[in-house]
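Novice: Please work out how this folds:
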Amino acid sequence: MKTLRLSLMMLCLLGSAAVALAEGPDISFAENVHDFGTVKEDGKVTCTFEFTNTGDMPLEIRRATASCGCTTPSFTREPVAPGQTGRIEVAYNTEGRPGNFNKTITVYSNSILHPTYSLTIRGSVIPRENSPESTYPKAFGLLRLKTTTLALDDVRIGGIASRSIPIYNNAERPMTISFSQVPAHMRVSVSNSEIPAGGMAIVTVNYISAEARDFGHREDYFYIHGKTATESSGKITVTANLVEDFSSLRAGGKLPVANYSRSTVNFGEVKADGPHTTEILLTNDGEAPLKIRKLSSQVSQLTLKSDKKEIQPGKSATIKIELNTKDLQSGIRYYVEVITNDPAQPVKRITVNANIVH
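Specialist: The predicted model follows:
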C-alpha cells in the first residue's frame, strides 16, 4: 500500500511538471509544406505560411533561415499575442534554376514546445525559351554578343592563347563585320564576315604573347563593328597575365635568387600634401644575373623606380616607392608588384600601408 501511495504521488508530480512545461508561448502552422507546382523561370515566386500562437504568452519569431541562398524568408517581427496569427513569407528565385526544387526553412521562436519548426517549399521550374537577349546578353546596337570581355588568365611568353566570342545579328538584313584598333600582338578574325539576318558567327582572338613585349597583368582592347543600314560598334576588352617560361632551365644550373628587404611598407601617418617616398632593397642571392622585368602598381598614386634593371650575383638594387597622398582622404592599403626572372619567385607582391591625416 505504501508503495502504491508513493507511485501515485510521483504521477501527480510528473503531471504538474508537464502542465508547467506547457505554459508559455507555442506555435502552430496551418500547413508546413507549400507546393508551387510548375512555375516558369522568370524571377521570384512567393508563398505565405500562416501560424497561430496556441500558447498563453506572447510569441516571438527570433529568426528564419533557408537551406540555400536562392530562398529568402521574412517574418512577422512584432510579438504575437495568444490566439493571434502571424506570417512567414518565403520567396524562391527561379532565375538560372530550371528543374525540380525542394527547400527547407527553419523557424526559430520562443515557443516552449516547438523552439524550432521546419517548413518546406517545393516545385518544378520550366526553363525559359532561349532568345537572342538571353543567349547573347551584351548588345552593341543590333549586334549582340555572348560577352565583351575575354580573360586569358596566365599566358606563357612565347606561346599563343586563343579565345572566341559568339556574336548574333539581331537586324532584319545582313550585317557586315569588321574590326579596328586591334593591338599588334593580337590577330582577330570572324567565321563569316557577313552574317545573315537572325544568324550568328564566331569571333576568334589569337594572342601572340611574345609580341606584347610585356610581363604580368595586361589589358588591351579593340573595336568590333557591325554594319547594316546603320553601324553598331563597341569595345572588346582582353586581359592576360604574361608569365615567363622557365621550362627550359636545366636542373642544377645557375639561377638568380631574389631576396627582398621587406614585404610590407608602412608609411605610418603622412599628410595629404604630396609625394612621400621610401625604399626597399632587392638583393640577388643567386649565381646568375637577376633581371627586373617589370615594376607595377594597382593604383596611380603609387609609382616605383629601380636604380638597376639587372643585378649581378651578390649585388643589390634600390627600389624607390613613391606615394602621392594629395587626393587621398583616409587610410590606404595597396600593393605593388616586382616581376623578375627568379624562377622560384617571379612575382613579389609588396603591401603598402599609410594613414592619411589632414
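Novice: C-alpha only now, for contacts and for neighbours.
Specialist: OK.
Novice: which residue sits closest to the one residue sitting closest to the centre of the chain, ignoring its sequence neighbours?
Specialist: Closest to where the C-alpha atoms of the chain average out (Cα atoms, centre = their mean) is Ala151, at 14.5 Å. Once flanking residues are discounted, Ala151 sits nearest to Thr239: 4.9 Å by Cα to Cα, 6 or more residues apart in numbering.
Novice: ok so, going back, what helix or strand is the residue nearest to the centre of the chain located in?
Specialist: According to DSSP states H and E, Ala151 maps onto strand 149-156.
Novice: Val357 and Phe267 touch, don't they?
Specialist: No: under the criterion of Cα atoms under 8 Å, Val357 makes no contact with Phe267, lying 11.8 Å away.
Novice: mind listing the helices for the stretch 1-150 of the chain?
Specialist: 2-22, 132-135 (DSSP state H, counting those that start in this stretch).
Novice: Average pLDDT for the first one, rounded please.
Specialist: Looking at helix 2-22 alone, the average pLDDT works out to 46.
Novice: How about stretch 90-99?
Specialist: In the prediction, stretch 90-99 has an average pLDDT of 91.
Novice: Other residues contacting it?
Specialist: With contact meaning Cα atoms under 8 Å, 6 or more residues apart in numbering, stretch 90-99 is reached by 40-49, 70-74, 124-127.
Novice: For the strand holding Ala151, buried residues please.
Specialist: Leu150, Val155, Arg156 (16 or more other Cα atoms under 10 Å).
Novice: which residue sits closest to the second one, ignoring its sequence neighbours?
Specialist: With Cα to Cα, 6+ apart as the criterion, Val155 has its nearest non-adjacent residue at 5.0 Å, and that residue is Leu242.
Novice: Then the last one?
Specialist: Counting by Cα to Cα, 6+ apart, Arg156 lies nearest to Val243, which is 4.9 Å off, once chain neighbours are set aside.
Novice: cool, the first one as well?
Specialist: Ranked by Cα to Cα, 6+ apart and with sequence neighbours excluded, the top spatial neighbour of Leu150 is Val238, at 4.8 Å.
Novice: mind checking pLDDT for that neighbour?
Specialist: Reported pLDDT for Val238: 97.
Novice: is it in a bridge, and if so with what?
Specialist: With DSSP bridges applied, Val238 shows beta-bridge pairing to Leu150, Asp220.
Novice: and Gly158, what does it touch?
Specialist: Going by Cα under 8 Å, 6+ apart, the list of residues near Gly158 reads Ile208, Ser209, Ala210, Asp245.
Novice: any idea how far it is from Thr48?
Specialist: 61 Å (Cα to Cα, to the nearest Å).
Novice: Buried residues in stretch 214-231, which are they?
Specialist: In terms of neighbour count (16+ other Cα under 10 Å), stretch 214-231 has its buried residues at Asp214, Phe215, Gly216, Tyr221, Phe222, Ile224, His225, Gly226, Lys227, Thr228.
Novice: isn't the third one right up against Leu242?
Specialist: The one in question is Gly216. Yes: when contacts are counted by Cα under 8 Å, Gly216 is listed as touching Leu242 (4.8 Å).
Novice: Tell me where the stretch 1-150 of the chain has strands.
Specialist: 27-29, 33-40, 44-53, 61-66, 71-75, 85-93, 99-109, 116-126, 138-140, 143-145, 149-156 (DSSP state E, counting those that start in this stretch).
Novice: Deepest in the core, which of the ones you listed is it.
Specialist: strand 143-145 (a mean of 24; mean count of other Cα atoms under 10 Å).
Novice: elements contacting it?
Specialist: Applying 3 or more Cα pairs under 8 Å, 6 or more residues apart in numbering; DSSP states H and E, one finds that strand 143-145 makes contact with strand 138-140, strand 160-169.
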